[in-house]
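In: Would you be able to build a 3D model of this:
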Amino acid sequence: MFGIPGKSPVILTAPAVAQIRKLMQRDGRYGLKIGVKKGGCAGMEYTMDYVDTAEAADEVVEQDGARVLIAPMAQMFLFGTEIDYETSLLESGFRFRNPNVVDACGCGESIKFKELDELEAERAAQG
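Out: Purely as a prediction, here's the structure:
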């Protein structure tokens, strides 16, 4: 675990909680699992999948009936991220406001994170 004991690694806004809870109930799923993978023009991409169980190393965040699981590889990169759900005339979807992102591509699908040693130093300084 890379987080601070007693502090949630991610923050869910009310719209995100409502959407996650709605999709969990509709599909009868355990929760929404978030990860990161290599790809895209900036180097990394978020992944999101509904899952039926948690794995032992997943970080589980529960809020008002919504359950988010954070894959082990993503825990350090997502710490401090606000997850929101936005709806507009043209699109709707989850939005990540991540303080660990230093660059993103023009389409918004691909991101670049701070260097690993910088992330580790920040976590150590926080607690």
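In: What about the nearest residue to Thr13 once chain neighbours are set aside, how many residues nearby?
Out: Take Thr13 and drop its neighbours on the chain: the residue closest to it by CB to CB, 6 or more residues apart in numbering is Asp84, 4.4 Å away. Every residue, glycine included, has its C-beta placed from N, CA and C. By the criterion of other CB atoms under 10 Å, Asp84 has 17 neighbours.
In: Surely Asp84 is in contact with Arg97?
Out: Yes. Using CB atoms under 8 Å, Asp84 is in contact with Arg97, at 6.8 Å.
In: Test my guess that Ala74 contacts Ile34.
Out: Yes. Ala74 lies in contact with Ile34 (CB under 8 Å); the separation is 6.3 Å.
In: Please report the distance of Ser8 from Asp58.
Out: From Ser8 across to Asp58, the span is 14 Å (CB to CB, to the nearest Å).
In: So for these two, which sits in the more crowded spot?
Out: Neighbour tally, Ser8 and Asp58, criterion other CB under 10 Å: the higher count belongs to Asp58, 20 against 15.
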